[in-house]
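Asks: 3D, please:
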Amino acid sequence: MSTYVSGPYTSGRLLRDIRAVEDWITDEFRQRGPITSAIDQRDIDARVRDVSQGRNACLFDDQGNPSIMVRVPNFMLNTIHDAWPEQLHPAFVINGTPVSELWIAKYQAFTVGSGANRRALSLRRVDPSVYNTFDAAVTACAQKGSGWHLMTNAEWAAVALWCMANGWFPRGNNSHGNDYQRTDEWGEVTYTYTSGGTLYKGRVATGTGPVGWSHDGTPFGIWDLNGNVWEWVGGLRIVDGEIQVIPDNDAADDGADQSSDSPLWKAILPDGTLDDPGTEGTLKFDATGANGAGNPILNTKVESQSTGNESADVLFRDLQAAPGVDVPPVLRQLGIAPIGSGQPGRLYVRNIGERLSGRGGYWTYSSGAGAFALNLGDAPAYSAHSHGFRAAFVI
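Replies: Predicted coordinates for the structure are as follows:
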């Protein structure tokens, strides 16, 4: 591992230093497996916190598996949008209790073990775990111990809105190993495939793209929120088009029931009130074309429902509501509806049955990928080479 001394450096030096420490941790884990010594854990965590100026940490789960995490301090809604109240973003309220910070995995999940021993890790320069159902993603995070959970939609929205408010949207692997706008930016390819006789690049190793692929444009940000693989997130779904959420960030509770029949799911009325699923007049995703095709639109009824094959999609920023239907602020605060014209990504909806939420896009989506890309087209049991996830932690 490269040596370093705490102090101010250029961004290039900061990037080299944090990557040297993180790559050493990845190598140590590959050679040693779980790190169970409390002294070693404290030393490793101290190195990460020191070189990142306290913005990153190395947290260990119940088995001693290391994960590089990014600290996300809480913020008020009015810091994002002048019309919103001076109260915490929903991501920072769990079971009615405010939290001062969240720890989000710096990298898309890499998993070890199986069954009850399967754990999700956040390490640099590994191939992200794919072929995950929603439940498998939830379990691999929750089994890590108290406080660990699948990153929630509320948390994703908080990060994406922070990016918007700060005028920075991360680029990423959204064009076969490269960024479609910056073809000189690339990551280390971990997966290739052949289609129609042509060899294509697919996934890249976590965190191997340039610093512009982090959520804040620094060496200490959250990597790969734009492309690489779709990321399952908790606390948001649609059922036959009806938008349902688990309130605030209650889905971050590692014991939260996110199953199909969970009583935690709530529908949303146009005035922002949460009510029981199936309540008349709740917000739903309708479609402009026949059989759920065309563009998705927000409505209080579904007049064009998919047969299961068709889906609707639109640039996230262009999502519209049906005439006379109000869009409450909570939908915008949770990244389900746009605020303005500058939110990158595409919205995909299949409004039949239960559809869980994925974020970010994957390596073929070009302009369809991005911090606000939202996929509400896949059933809970769906898995593919394009679907991964990310862990998060709250104290």
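Asks: where do the strands sit along the stretch 1-150 of the chain?
Replies: Secondary structure of the stretch 1-150 of the chain, counting by DSSP state E, counting those that start in this stretch: strands at 56-60, 66-73, 93-94, 97-98, 101-105, 110-112, 119-121, 148-150.
Asks: next helix or strand past the longest strand along the chain?
Replies: The single longest strand within the chain, with elements called by DSSP state E, is strand 230-239. From strand 230-239 onward toward the C-terminus, using DSSP states H and E, the following helix or strand is strand 242-245.
Asks: From Val233, how far off is the residue nearest the centre of the chain?
Replies: In the chain, the C-alpha closest to the average C-alpha coordinate belongs to Trp156, at a distance of 4.9 Å (Cα atoms, centre = their mean). Noted for Trp156: a distance of 5 Å to Val233, by Cβ to Cβ, to the nearest Å. No exception for glycine: its C-beta is placed from N, CA and C like everyone else's.
Asks: anything in contact with each of those two?
Replies: Common contacts of Trp156 and Val233, defined by Cβ atoms under 8 Å, 6 or more residues apart in numbering, comprise Arg359.
Asks: Could you pick out the longest helix of this structure?
Replies: With residue count as the measure and DSSP state H as the assignment, the chain has helix 11-32 as its longest helix.
Asks: returning to that earlier point: my hunch is that the residue nearest to the centre of the chain is in a helix, does that hold up?
Replies: Yes. Looking at Trp156 with DSSP: H, G, I helix; E, B strand; the rest coil, it is inside a helix.
Asks: Contacts only, for it.
Replies: Under the criterion of Cβ under 8 Å, 6+ apart, the neighbours of Trp156 are Leu225, Glu231, Val233, Gly335, Arg359.
Asks: How about Ile39?
Replies: Going by Cβ under 8 Å, 6+ apart, Ile39 touches no other residue.
Asks: if we can go back for a sec, taking strand 101-105 as reference, get the angle to the longest strand of the chain.
Replies: Compare the direction of strand 230-239 with that of strand 101-105 by axes from the mean of the first three to the mean of the last three Cα atoms, to 10 degrees and you get 120 degrees.
Asks: circling back: which of the contacts of Trp156 has the most neighbours?
Replies: The most crowded member of the contacts of Trp156, judged by other Cβ atoms under 10 Å, is Leu225 (31 neighbours).
Asks: Okay, and the beta partners of Trp186?
Replies: Residues found in beta-bridge contact with Trp186 (criterion: DSSP bridges) are Asn178.
Asks: tell me the pLDDT at it?
Replies: Each residue has a pLDDT score; the one for Trp186 is 96.
Asks: now swap in the one 10 residues further on and tell me
Replies: With respect to pLDDT, Gly196 has a value of 93.
Asks: And for Val5?
Replies: Note for Val5: predicted pLDDT of 48.
Asks: hmm, back to that, out of the contacts of Trp156, who's nearest Val93?
Replies: Of all the contacts of Trp156, Gly335 has the smallest distance to Val93: 16.1 Å, by Cβ to Cβ.
Asks: show me the contacts for the closest one.
Replies: Asn153, Trp156, Ala157, Ala160, Leu161, Phe372, Leu374.
Asks: Ignoring the adjacent residues along the chain, who's closest to it?
Replies: Ala157 (3.4 Å; Cβ to Cβ, 6 or more residues apart in numbering).
Asks: so where do the helices sit in this structure?
Replies: Under the criterion DSSP H, the chain contains helices at 11-32, 38-51, 134-142, 153-165, 329-333.
Asks: Just put the ones you listed in a markdown table and tack on distance to Arg203 and mean pLDDT.
Replies: What follows is the helices of the chain, written out as a markdown table (distance: least, Cβ to Cβ, whole Å; pLDDT from 0 to 100):
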| stretch | distance to Arg203 | mean pLDDT |
| --- | --- | --- |
| helix 11-32 | 17 | 94 |
| helix 38-51 | 25 | 98 |
| helix 134-142 | 16 | 98 |
| helix 153-165 | 20 | 98 |
| helix 329-333 | 31 | 98 |
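Asks: Just name the most buried of these.
Replies: When you average the neighbours per residue for each of the helices of the chain (mean count of other Cβ atoms under 10 Å), helix 153-165 leads with a mean of 24.
Asks: any idea how far Gly167 is from Asp224?
Replies: As for Gly167, its distance to Asp224 is 20 Å (criterion: Cβ to Cβ).
Asks: next one: Ser304
Replies: 34 Å.
Asks: burial of Ala290, as a residue count?
Replies: Ala290 - counted by other Cβ under 10 Å - has 12 other residues nearby.
Asks: how about it, what does it touch?
Replies: Under the contact definition (Cβ under 8 Å, 6+ apart), the residues listed for Ala290 are Ser304.
Asks: From Arg47, how far out is the closest residue to Ile35 other than its chain neighbours?
Replies: Ranked by Cβ to Cβ, 6+ apart and with sequence neighbours excluded, the top spatial neighbour of Ile35 is Gly64, at 4.9 Å. Relative to Arg47, Gly64 is positioned 16 Å away (Cβ to Cβ).
Asks: same thing with Arg390?
Replies: As defined by Cβ to Cβ, Arg390 lies at a distance of 23 Å from Arg47.
Asks: wait, isn't Val138 in contact with Gly234?
Replies: Yes. Using Cβ atoms under 8 Å, Val138 and Gly234 qualify as a contacting pair, with a distance of 6.4 Å.
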